[in-house]
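J.: this is a predicted model, with the sequence first.
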There are 2 protein chains.
Amino acid sequence: MLMNGPDKATVAAWIALARAYRVAMQKVETRLKEADLPPLAWYDALWELEKVGEGGLRPFELEHALLFEQYNLSRLVERLVKAGLVERRPCADDRRGHVLAITADGLAVRARIWGVYAPAIEAAVGARLGRDEAVSLARLLARIADND
Amino acid sequence: MLMNGPDKATVAAWIALARAYRVAMQKVETRLKEADLPPLAWYDALWELEKVGEGGLRPFELEHALLFEQYNLSRLVERLVKAGLVERRPCADDRRGHVLAITADGLAVRARIWGVYAPAIEAAVGARLGRDEAVSLARLLARIADND
DNA sequence: CCAATTTACATGCAAATGCATTAAATTCAA
DNA sequence: TTGAATTTAATGCATTTGCATGTAAATTGG
């Protein structure tokens, strides 16, 4: 009874994905810690909120943008608010929820993180791939991330 | 004052890596949970021990193979031993440590997990890439994982 | 040989995560 | 309408992770 398993190349790609992610992420997170900066999740949330501007985002929108579990997003926001980097505003047309917006401190911290994050990405990824390799890697990975 | 940041393609590859990893891993782990199977880390450890056979591995060897933090490996092993899937043997020539070997139950569980894991890999990766795409993805990712 | 250092592994405690559930507001359907 | 179902978000509790440190054995170097 065969079970339609993946071929060698697929398994190799899967394993390579897991290893590359761990290696690169480990390097980047290590640099952030050395600089006494918050973890990457903070950056991602702040950046989403910065991109969207003054209008802010509902928690569930941020949850979808970041692919976070609901409870993880809830607690991440709690920490960001406590740290003064994000502001919770009451939501006019839906009183269950609120709107999240980045604060001035949040903008400053986001920029400070990027100062360390950007060179870390360059070291972990950029320095290892040519320009067109990076493009084709991104394209292949997008196929895996696409929701069909 | 410029800071030698990554170019667009590099950042895109980095983001794609993180998203692809999360999406694929989420799918796979979800399937394992639905089947009431232990998390992937268990599989990885069991598989390393199965591959190496009767001789077993020292914890620090498993740690390097899996890219685990030392304390995480220590606790993973603790759980595997408690579950009866791995056996700790005293180590003749180094009495600080021990040798880890997979048990009969461990072999059985490893195989059961693979029964779910394999089709999950196929769905998350194999079904989305052609054979040569999988090969070139693995090659590109390996460049990122390689220790220089 | 022996003191100092390094290596191997474990563990206490704090923080983060996962899971299940709750509460409250909104939407839908009869 | 109004009652049922859904959506939004928070939270209690157990498990897992991270960090720092501890302990013991091995290695090094003087």
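T.: Ah, there it is.
J.: figure out the helix or strand that the residue sitting nearest the centre point of chain A lives in.
T.: Nearest residue to the geometric centre of chain A (CA atoms, centre = their mean): residue A:44, 4.1 Å. In the assignment (DSSP states H and E), residue A:44 maps to helix A:40-52.
J.: does that helix reach DNA strand C?
T.: Yes - applying CB under 7 Å from any atom of the strand, one finds helix A:40-52 touching DNA strand C at residue A:41. Just so you know, the C-beta spots here come from the backbone N, C-alpha and C atoms, and that holds for glycine as well.
J.: taking helix A:40-52 as reference, get the angle to whichever helix or strand comes after that helix.
T.: Where DSSP H and E defines the elements, the next helix or strand beyond helix A:40-52 is helix A:59-66. Orientation of helix A:59-66 against helix A:40-52 (axes from the mean of the first three to the mean of the last three CA atoms, to 10 degrees) gives an angle of 110 degrees.
J.: just want the residue of chain A that's nearest DNA strand D.
T.: Residue nearest to DNA strand D within chain A: residue A:97 (2.5 Å; CB to the nearest atom of the strand).
J.: isn't that residue up against residue A:90?
T.: No - using CB atoms under 8 Å as the test, residue A:97 is too far from residue A:90 to be in contact (9.1 Å).
J.: neighbour count: these two, which is higher?
T.: Neighbour count, other CB atoms under 10 Å in any protein chain shown: between residue A:97 and residue A:90, residue A:97 has more, with 14 against 9.
J.: phi, psi for that one please.
T.: Backbone torsions for residue A:97, taken as degrees, to the nearest 10, come to phi -110, psi -170.
J.: for residue A:60, see how far away it is.
T.: In this view, residue A:97 and residue A:60 are 7 Å apart by CB to CB, to the nearest Å.
J.: so what secondary structure elements neighbour the top helix by length along chain A?
T.: Longest helix in chain A by number of residues, with DSSP state H as the criterion: helix A:8-34. Using 3 or more CB pairs under 8 Å, 6 or more residues apart in numbering or on different chains; DSSP states H and E as the contact criterion, the elements in contact with helix A:8-34 are helix A:40-52, helix A:104-124, helix B:8-34, helix B:104-124, helix B:131-145.
J.: now that helix, how far from the chain's geometric center?
T.: 15 Å (CA atoms, centre = their mean, to the nearest Å).
J.: what's the angle between it and helix B:104-124?
T.: 90 degrees.
J.: can you tell me if helix A:8-34 touches DNA strand D.
T.: Yes - counting by CB under 7 Å from any atom of the strand, DNA strand D is contacted by helix A:8-34 at residue A:33.
J.: mind listing what's buried in that helix?
T.: For helix A:8-34, the neighbour count (16 or more other CB atoms under 10 Å in any protein chain shown) marks A:9-21, A:23-25, A:28, A:31-32 as buried.
J.: swap in stretch A:56-69?
T.: Neighbour-count burial for stretch A:56-69 [16+ other CB under 10 Å]: A:56, A:57, A:59, A:61, A:62, A:63, A:65, A:66, A:68.
J.: mean confidence for the helix holding residue A:44?
T.: Averaging pLDDT along helix A:40-52 gives 98.
J.: that one - contacts with which helices or strands?
T.: Against helix A:40-52 (3+ CB pairs under 8 Å, 6+ apart) you get helix A:8-34, helix A:59-66, helix A:70-82, strand A:86-90, strand A:98-102, helix A:104-124.
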